[in-house]
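[1] need a structure here:
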Amino acid sequence: MTATGSTAPGSTAPGSTATGSTAPGSTAPGSTATDSTAVDSTAALAALAEALGDALSVDPVDLAPLTADKSGHDSRSLPLGLVTARSIADVQSTLRIASEYGLPVVPRGAGTGLAGGAIASAGQLVLSTLAMNRILEVSVADELAVIEPGIINADLNAELATLGLWFAPDPASKAIATVGGNIATNAGGLLCAKYGVTREAVLGLKLVLADGRMLELGHRSVKGVTGLDLTALVIGSEGTLGVIVEATVKLRPLPTGAVATIAAYFPDVTTAAAASAAITAAGLRPAAMELLDARSLHSIDRYLGLRDRGMGLAERGATLLLVQTDGAASEAEAASALQIITALGGDAELTYDAAAGEELFAIRRAFHPALEAEGTVLIEDVAVPRSALPAMFAAITEIEERYGIPIPTVAHAGDGNLHPNFVYTPGPDGEVPEIIWQAADDMFRAALELGGTLSGEHGIGILKRRWLADELGDDQLDLQRQIRAVFDPLGILNPGKA
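    Now for the predicted structure:
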């Protein structure tokens, strides 16, 4: 690990703080932010304009989209400005000046997050790395690529495919999400049960600290155990420890052999969950295994017009389990999975046609757009041990009945990661109704009681801060605050986020 650059001259004393927004009914764990009125924003903007030129914008048209992300939360207050960084030097200059003036900085990529982690509000500066989108190097021999953080996941893989390689993390938002954002949230996706989450695909990072210094973390070698693993610490830190400006990522050869896809319909979601748990218990590792409950199928049917075309999903069964296998053992794994599914009462079809398989998974990826067409959506993200999937689905059903709220749910069944969704009508000020938070509270506690976690891949951001202590405990939460303060003593990086 090496550090370059100098500390920001004129920095305020460590322990001083910067402002940030908070979610309804919550406080910001570890936040050390003060009132933004203490910041000389006029002088800060003038310094930024002098250093960065047209990379800085204070145009309300540019600032308006920065108050929200895909989570449905909106701060409803314009940030102070937007820096569109085009180089590492731009990021370093921005953070040196921000430290000098005590200006809160919100790092942001494509804004596709689902936990409010990149939402900005009044008095804050947004630092976008979306324009830093180059592939700097691809080494076929070492199966790695060096990239800038703003490159879109799908665009990276389109380039790598010409070399017979791919970057394995596969979030549902891969067509619009940046790899830098994938790293910041430790994103997962449909394929992570077999190929791992983002942390398993990152070898090294360049990270600019709050004072403008740059750390080079990790290595290019497959193995490396020198010192503490700060690379792994930064992955999933949601922009609270520094700004990622470059990444060295692991690549894989594109899978060879037949790709098999199974579409299995079940009469109820708990039986389908039991089938998915039985598949993994049998030692099978599908590339993807997705479960959609009855409410999900009805929403997708409406959104895609499938029922009107005589192709309604919900008419086949109350739950759909999609299983896809790849690699040399694909056919044998698919046959074994099919046997388990049919033994548990599934009505299943198996195809080796690539286009047909992609069409089935396109239906899965239509889930979130289908819900967005029906109202405002709070997209949640919990994970439980795979054997606990049936119990977690049963808990969600019980919460639906208790509160009278529909909770359409899909799951990455291969790794126990569920996405319960709440479709609601916002309050007068755009707030989430309290009954939704009450139901979400019960759902989070059910996941924790089953040995699970608050987030499998979306992160904590704004929306889940109030539950952090329930999972981590006070001692671990305090330690995490202390670690954050080591990286960012002034508390200016992504304040109010966890």
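[2] for the rest of this, base every contact and every neighbour count on C-alpha atoms.
    Will do.
[3] which positions in stretch 415-427 come out as buried?
    Asp415, Gly416, Asn417, Leu418, His419, Pro420, Asn421, Phe422, Val423, Tyr424 (16 or more other C-alpha atoms under 10 Å).
[4] make JSON lines out of these and add distance to Thr84, pLDDT and secondary structure.
    What follows is the buried residues of stretch 415-427, written out as JSON lines (distance: C-alpha to C-alpha, whole Å; pLDDT from 0 to 100; DSSP: H, G, I helix; E, B strand; the rest coil):
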{"residue": "Asp415", "distance to Thr84": "37", "pLDDT": "91", "secondary structure": "coil"}
{"residue": "Gly416", "distance to Thr84": "37", "pLDDT": "93", "secondary structure": "coil"}
{"residue": "Asn417", "distance to Thr84": "34", "pLDDT": "94", "secondary structure": "strand"}
{"residue": "Leu418", "distance to Thr84": "34", "pLDDT": "96", "secondary structure": "strand"}
{"residue": "His419", "distance to Thr84": "32", "pLDDT": "95", "secondary structure": "strand"}
{"residue": "Pro420", "distance to Thr84": "34", "pLDDT": "96", "secondary structure": "strand"}
{"residue": "Asn421", "distance to Thr84": "33", "pLDDT": "94", "secondary structure": "strand"}
{"residue": "Phe422", "distance to Thr84": "34", "pLDDT": "92", "secondary structure": "strand"}
{"residue": "Val423", "distance to Thr84": "33", "pLDDT": "87", "secondary structure": "strand"}
{"residue": "Tyr424", "distance to Thr84": "34", "pLDDT": "88", "secondary structure": "strand"}
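[5] hang on, Thr410 in a strand?
    Not quite, residue 410 is Val, not Thr. Yes: counting by DSSP: H, G, I helix; E, B strand; the rest coil, one finds Val410 located in a strand.
[6] so, low pLDDT: which residues of the stretch 1-150 of the chain?
    1-37 (pLDDT under 70).
[7] can you show me the strands along it?
    2-4, 56-57, 81-84, 105-108, 125-128, 135-139, 144-147 (DSSP state E, counting those that start in this stretch).
[8] please apply the same query to the stretch 301-450 of the chain.
    319-325, 347-351, 376-379, 382-383, 409-412, 417-424.
[9] between the strands of the stretch 1-150 of the chain, which gets nearest to Asp229?
    Nearest to Asp229, of all these, is strand 2-4, at 13.5 Å by C-alpha to C-alpha.
[10] just to revisit the earlier point, comparing the strands of the stretch 301-450 of the chain, which yields the minimum mean pLDDT?
    Looking at the strands of the stretch 301-450 of the chain, the lowest mean pLDDT belongs to strand 376-379 (a mean of 87).
[11] please name every helix or strand in contact with that strand.
    strand 417-424 (3 or more C-alpha pairs under 8 Å, 6 or more residues apart in numbering; DSSP states H and E).
[12] just the closest of the buried residues of stretch 415-427 to Pro385, please.
    Using C-alpha to C-alpha, the buried residues of stretch 415-427 come closest to Pro385 at Gly416, 5.6 Å.
[13] the closest one and Thr325: what is the separation?
    17 Å (C-alpha to C-alpha, to the nearest Å).
[14] one more: Ala439?
    Taking C-alpha to C-alpha, one finds Ala439 at 36 Å from Thr325.
[15] surely Phe393 meets Val269?
    Yes: at 7.0 Å, Phe393 and Val269 qualify as touching, with contact defined as C-alpha atoms under 8 Å.
[16] so which of the two has more stuff around it?
    Each of Phe393 and Val269 has its neighbours counted (other C-alpha atoms under 10 Å); Val269 has more, 25 against 22.
[17] enumerate every residue touching the more buried one.
    Neighbour list for Val269: Asp293, Ala294, Ala318, Thr319, Pro390, Phe393 [criterion: C-alpha atoms under 8 Å, 6 or more residues apart in numbering].
[18] look up how far Tyr303 lies from Phe361.
    Counting by C-alpha to C-alpha, the gap from Phe361 to Tyr303 is 15 Å.
[19] and Ala118, what does it touch?
    Leu66, Ala68, Asp69, Val106, Pro107, Arg108, Gly109, Gly111, Gly461, Asn494.
[20] tell me the phi and psi of it?
    Per-residue torsions, Ala118: phi -120, psi 20 (degrees, to the nearest 10).
[21] all numbers from here: first residue = 38
    Sure, I'll start numbering at 38, so the last one becomes Ala155.
[22] which stretches in the stretch 238-387 of the chain count as helices?
    Using DSSP state H, counting those that start in this stretch, the helices of the stretch 238-387 of the chain run over 267-271, 306-318, 331-341, 367-380.
[23] tabulate these (JSON lines), appending distance to Leu162.
    What follows is the helices of the stretch 238-387 of the chain, written out as JSON lines (distance: least, C-alpha to C-alpha, whole Å):
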{"stretch": "helix 267-271", "distance to Leu162": "21"}
{"stretch": "helix 306-318", "distance to Leu162": "44"}
{"stretch": "helix 331-341", "distance to Leu162": "37"}
{"stretch": "helix 367-380", "distance to Leu162": "49"}
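[24] and Pro443, which of these is closest to it?
    Per C-alpha to C-alpha, nearest to Pro443 of the helices of the stretch 238-387 of the chain: helix 331-341, 7.7 Å.
[25] what packs against that closest one?
    Secondary elements touching helix 331-341 (3+ C-alpha pairs under 8 Å, 6+ apart): strand 356-362, helix 404-409, strand 446-449.
[26] what angle sits between that helix and helix 306-318?
    100 degrees (axes from the mean of the first three to the mean of the last three C-alpha atoms, to 10 degrees).
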